[in-house]
Every structure is written in C-alpha cells, then in structure tokens.
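*Asks:* heads up, no residue letters with this:
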C-alpha cells in the first residue's frame, strides 16, 4: 500500500494562511464594532444600546440649565427689591382682575373717570407727558412689578420712544396724551381730533397698539373732546383725583385729603430742579403702603 505523498511546501504555506485568516476573522467578530465603524456593521449591537442622555448621570447637568440656575439664584448680601427702592416692606400683590369691567361706551358717550368704584384695596399709578427717561425707573418698575400707565405726548417724548418701549417690555401700558400737549377746551372739532387721532397713529406706528385710554392735557376738556376721542377709538377719558407734584407733595383735586381705594393718581413730569420720577414714586408708594393699599392695573378695571 502506497503511503500518501507528503504535502508540497507551497500547499502547506497556503493552508497556514487560510487558518490564520479564519482565526483573525473570528476574533474581530467577537470583539464587536470598532470605534468609528460605519452604521450597519453591527446593527444588533447599536439597537440594543440605550440612547445616551445628558441627564442620565446624576453628576452631569446641561450647561444651559446650570447657567439659568446661576442667573436666578439669589446673591448673598443682595437687598430685596423693596429695600433697594426705599420701601419699608414689599408691596402686596393686587387682587385678581375683576370679572366684570365697564361696558363699552356708546358712540359720543366716552366716560370720564378720576377714580374707579371698587371694593379692591388698590390705587392706580399714571404718568404724564414722557419728559423723564431715567433707565433706573425702568429697573424700578421691573423689580417692583409696578403696573403703571404711561400717557405720552409726542412732542415731549421726541426721539425717546425707545425708553418707553423698554418700560412696556417690563409691564407698563402706553396710553394717549395728545401730539403737542395743547389745551383742548374750546378748540374746534378738527383741531381736537387731529391732536388725539394723530397721537393714536404715532403710538400705533411705534408700538403696534391702538391705546384705549386718553388723558387731556391739564385735565381740561369739553363735549367736543369726548366726541373726538370716541371717533379716534378711545374708550375712556382718564383724569385723576390725586397728583404727586414735583416737590413730592400729594395733592387732591376733590374729596378727602387722603388716598382711598380706587383713586387714580397722576405723576406728571417733574421740573429739572424738583424730585426725580423715581424719588416721587418711592414717596407715593410709601403713602400707598401706609394707607393699607397696593397698586392695581388701571386697564383691568376699564
């Protein structure tokens, strides 16, 4: 019986290469996909792996969240806003907006108000003209969350409407106080309408709003004023019962010499030598607190 011939050297070398290749392939499959492997190389392994979440680890937080927390966290030693603005205590929050407001006026019957009949312990802060443009007053309104109403005159505001846009952004409302601060009493209809409707158009162009409230300069008006105001889209003519003068004195147009619930308070632009708007507002807020009242939003009651 013939013994099988020994394998040729070339065949032995080929067999060794095949066996080594098989061993290497098996090792690669058992080790899983390499980093940066293209999708589909081991689909089952990718599907089984849970998605990575930035909140999965209790020691990891998204950067945006950490930044927000750092911004809103109180700084040790920082005084409360009411103390920063010279108040002895925080202002109480106003009550919820009344469920019922005044009915819309009929044409040519715009109501004239100097106070609001309400059982809520609120008064209403209104600011006239727009001469003072103190950036710190914007901070005051924002930090104390004051619901103030700004009655603006175009010729007084001049190029400073940006200041009132910032006030509006922190909660102030913008209302109408004529184009040129002209005394309307006795003027013909065309002149009064031009003053009121002209400022309506200016405020609409500046802020995209059509104010509902109007205050006549000096508080003087006649039936022609009411007709012109109605034709310009005004729903109420707003006067005042109390006023905070430039020297810080609180005066009253009628009635008792003290603040009462529902009073509308006017704070006109001060004289250059008088107290600033911020200083007079602080004095007024102290008086409001001392009377057991807080500040309400006028537009919620009209």
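*Replies:* Structure received. Source: prediction; values computed, not measured. Residues are numbered from 1 along each chain as shown.

*Asks:* going forward, measure contacts between C-alpha atoms and count neighbours the same way
*Replies:* OK.

*Asks:* what's the distance between the closest residue to residue 243 other than its chain neighbours and residue 125?
*Replies:* Spatially, and ignoring its direct neighbours in sequence, residue 243 is nearest to residue 266 (4.6 Å; CA to CA, 6 or more residues apart in numbering). Distance, residue 266 to residue 125, by CA to CA, to the nearest Å: 6 Å.

*Asks:* by mean pLDDT, which helix or strand of the protein comes out lowest?
*Replies:* helix 63-72 (a mean of 32; mean pLDDT, DSSP states H and E).

*Asks:* sorry, back to before: a helix runs through the residue nearest to residue 243, doesn't it?
*Replies:* No - assigned with DSSP: H, G, I helix; E, B strand; the rest coil, residue 266 falls outside any helix and is strand.

*Asks:* list the residues that contact it.
*Replies:* 125, 126, 127, 128, 240, 241, 242, 243, 244 (CA atoms under 8 Å, 6 or more residues apart in numbering).

*Asks:* just the ones of these in strands?
*Replies:* 125, 126, 127, 128, 242, 243, 244 (DSSP state E).

*Asks:* among those residues, which two are most distant?
*Replies:* The span of these, defined through CA to CA, is set by 128 and 242 at 13.2 Å.

*Asks:* list the contacts of residue 250.
*Replies:* 242, 243, 244, 284.

*Asks:* which one of the residues you listed is nearest to residue 83?
*Replies:* residue 284 (15.0 Å).

*Asks:* tell me the confidence at that closest one?
*Replies:* The confidence metric pLDDT takes the value 97 at residue 284.

*Asks:* again, but for residue 247
*Replies:* Residue 247 is assigned a predicted lDDT (pLDDT) of 91.

*Asks:* for it, what are its contacts?
*Replies:* 274, 275.

*Asks:* for residue 140, same thing?
*Replies:* Taking CA under 8 Å, 6+ apart as the contact definition, residue 140 lies against 85, 146, 278.

*Asks:* need the phi and psi values for it.
*Replies:* phi -60, psi -50 (degrees, to the nearest 10).

*Asks:* what is the neighbour count of residue 79?
*Replies:* By the criterion of other CA atoms under 10 Å, residue 79 has 11 neighbours.

*Asks:* next: residue 133.
*Replies:* Residue 133, neighbours per other CA under 10 Å, totals 17.

*Asks:* roughly how far does residue 156 sit from residue 268?
*Replies:* Distance, residue 156 to residue 268, by CA to CA: 12 Å.

*Asks:* shared neighbours, the two?
*Replies:* Here residue 156 and residue 268 have residue 129 as joint contacts, going by CA under 8 Å, 6+ apart.

*Asks:* low-confidence stretches in the stretch 1-150 of the chain?
*Replies:* Low-confidence segments of the stretch 1-150 of the chain, defined by pLDDT under 70: 1-77, 99-108.

*Asks:* kindly recompute the last result at 50.
*Replies:* 1-74 (pLDDT under 50).

*Asks:* the stretch 201-302 of the chain now?
*Replies:* Ranges of the stretch 201-302 of the chain meeting pLDDT under 50: none found.

*Asks:* kindly recompute the last result at 80.
*Replies:* For the stretch 201-302 of the chain, the stretches with pLDDT under 80 are 270-273.

*Asks:* which stretches in it count as helices?
*Replies:* Using DSSP state H, counting those that start in this stretch, the helices found in the stretch 201-302 of the chain span residues 223-231, 277-290.

*Asks:* out of those, nearest to residue 94?
*Replies:* helix 277-290 (12.4 Å).

*Asks:* identify the residues contacting that closest one?
*Replies:* Applying CA under 8 Å, 6+ apart, the external contacts of helix 277-290 come out as 85-88, 91, 123, 132, 136-137, 140, 244, 246, 248, 250, 259, 267, 269-270, 294-295.
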